[in-house]
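[1] coords please:
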Amino acid sequence: MGRLRETASMAAEYVQSDQFRGARIHLCELAGLEIRDCEVSGLKIVDCYGSDVYIGGDFERLVVNDVDVTAYVEAELDRQQPTRVMARDAVSPDDYRAAWDAIESLWEATLDRARLLPEAKLYEQVNGEWSFVETQRHLLFASDAWLGNAVLEEESPYHPLGYPAGGMPPDASAKLGLTLEATPTLDEVLATRLARMATMRRAVDGLTESELDRVCRRKPADPYPDQEYVVRRCLKVILKEEAEHNRYAVRDLAVLEAGVD
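    Residues are numbered from 1 along each chain as shown. You can find the predicted model right below:
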């Protein structure tokens, strides 16, 4: 069973719980409800009303008021950020190299933009999402896990400043040597983050078809499922993580910039 805890505002927070599976919530006040890092297949919101409803995630099919908007949403996201198409559709070694070229360019421009803000702004969360610094820490962890551990089989792949996805239990993070409570400067994070990006650069530069099809002897981290991990899948996870989180970072930078006099 999951855990129930109270936040600072005394709102109930349910963690790793299955008590809502198959439940029906009827005639309840749900304003401000947040569902995060959850399995929601089959979720229905029917005959409800309100304003400013936000839905974000990876959905195979999304229907709004009986209209399937899945293809529209994906097409619009692809139009806004062509790099996510390159990351998603990479097949050959040249495709992976081209996608990484684009990702490096994206982050170079985004980091230049972020540095124009007062550094304190880069620790602010926009609408409860990760701060800019936390995003860099998460991408560091993603590359440590999927590249450093799974693909390269490094002896000590996880940097302490790495930040895993919210679904990883704190004890599992601690076993990997992660210090989630750390408060590093942006430069401290980037020192390791850019070094890991350089490792990815070398990996894609040397890619061959046979390497892409190699089965890894390790999974990204112990909490991950016991299944087959192939190099092409591991590297594609990194490409997609980089592209999507750049989109999030740029979205939130616009909000932070608007708040600067």
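
[2] Going by C-alpha atoms from here, please, whenever you check contacts or count neighbours.
    Fine.

[3] max-length helix in this protein?
    In the chain, taking DSSP state H as the definition, the longest helix is helix 231-258.

[4] just checking, what packs against that helix?
    On a contact count with 3 or more C-alpha pairs under 8 Å, 6 or more residues apart in numbering; DSSP states H and E, helix 231-258 meets helix 82-89, helix 93-114, helix 132-143, helix 209-212.

[5] Just give me the neighbour total for residue 192.
    17 (other C-alpha atoms under 10 Å).

[6] my bad, residue 171
    10.

[7] now swap in the one 5 residues further on and tell me
    Taking other C-alpha under 10 Å as the criterion, the count of residues near residue 176 is 17.

[8] before we move on, the earlier item: now the helices and strands packed on helix 231-258 in TSV, with distance to residue 244 and mean pLDDT?
    Below are the helices and strands packed on helix 231-258 laid out as TSV (distance: least, C-alpha to C-alpha, whole Å; pLDDT from 0 to 100):
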stretch	distance to residue 244	mean pLDDT
helix 82-89	7	96
helix 93-114	10	98
helix 132-143	11	98
helix 209-212	22	98
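
[9] Quickly compare those and say which is most buried.
    Ranked by mean neighbour count, the helices and strands packed on helix 231-258 are led by helix 132-143 with a mean of 25 (mean count of other C-alpha atoms under 10 Å).

[10] any residues touching it, and which ones?
    Identification of contacts with helix 132-143 by C-alpha atoms under 8 Å, 6 or more residues apart in numbering yields 122-125, 158-159, 161-165, 185-186, 189-190, 192-193, 196-197, 200, 238, 241-242, 245, 249.

[11] isn't residue 252 right up against residue 128?
    No. Residue 252 sits out of contact with residue 128 when judged by C-alpha atoms under 8 Å, with a separation of 10.6 Å.

[12] Comparing those two, which residue is more hemmed in?
    Legend: neighbour count by other C-alpha under 10 Å for residue 252 and residue 128, higher for residue 252 (21 against 8).

[13] if you skip the residues just before and after it, what's nearest to the more buried one?
    residue 126 (6.1 Å; C-alpha to C-alpha, 6 or more residues apart in numbering).

[14] and the one you found, what is it in contact with?
    252, 255, 256.

[15] hang on, it is in a strand, isn't it?
    No. Under the criterion used here (DSSP: H, G, I helix; E, B strand; the rest coil), residue 126 is coil, not part of a strand.

[16] Kindly list the main-chain dihedrals of residue 78?
    phi -60, psi -40 (degrees, to the nearest 10).

[17] ok so, going back, tilt between the longest helix of the chain and helix 132-143?
    Helix 231-258 and helix 132-143 are oriented at 180 degrees to each other (axes from the mean of the first three to the mean of the last three C-alpha atoms, to 10 degrees).

[18] What residues sit buried inside helix 231-258?
    For helix 231-258, the neighbour count (16 or more other C-alpha atoms under 10 Å) marks 231-232, 234-247, 249-250, 252-253, 256 as buried.

[19] can you check stretch 156-174 too?
    In stretch 156-174, residues buried by neighbour count (16+ other C-alpha under 10 Å) are 157, 158, 159, 160, 161, 162, 163, 164, 173.

[20] which stretches of the stretch 1-150 of the chain have low pLDDT?
    1-11, 37 (pLDDT under 70).

[21] Confirm that residue 29 sits in a strand.
    No. Read with three-state DSSP, residue 29 is coil and lies in no strand.

[22] Show me what counts as buried in the strand or helix carrying residue 195.
    Taking DSSP states H and E as the criterion, residue 195 maps to helix 186-205. The neighbour-count check on helix 186-205 (16+ other C-alpha under 10 Å) flags 186, 189, 190, 192, 193, 196, 197, 199, 200, 203, 204 as buried.

[23] what about the first one, distance to residue 193?
    What that stands for is residue 186. 10 Å (C-alpha to C-alpha, to the nearest Å).

[24] Check the offset of the longest helix of the chain from the chain's centre.
    Relative to the mean C-alpha coordinate of its chain, helix 231-258 is positioned 7 Å out (C-alpha atoms, centre = their mean, to the nearest Å).
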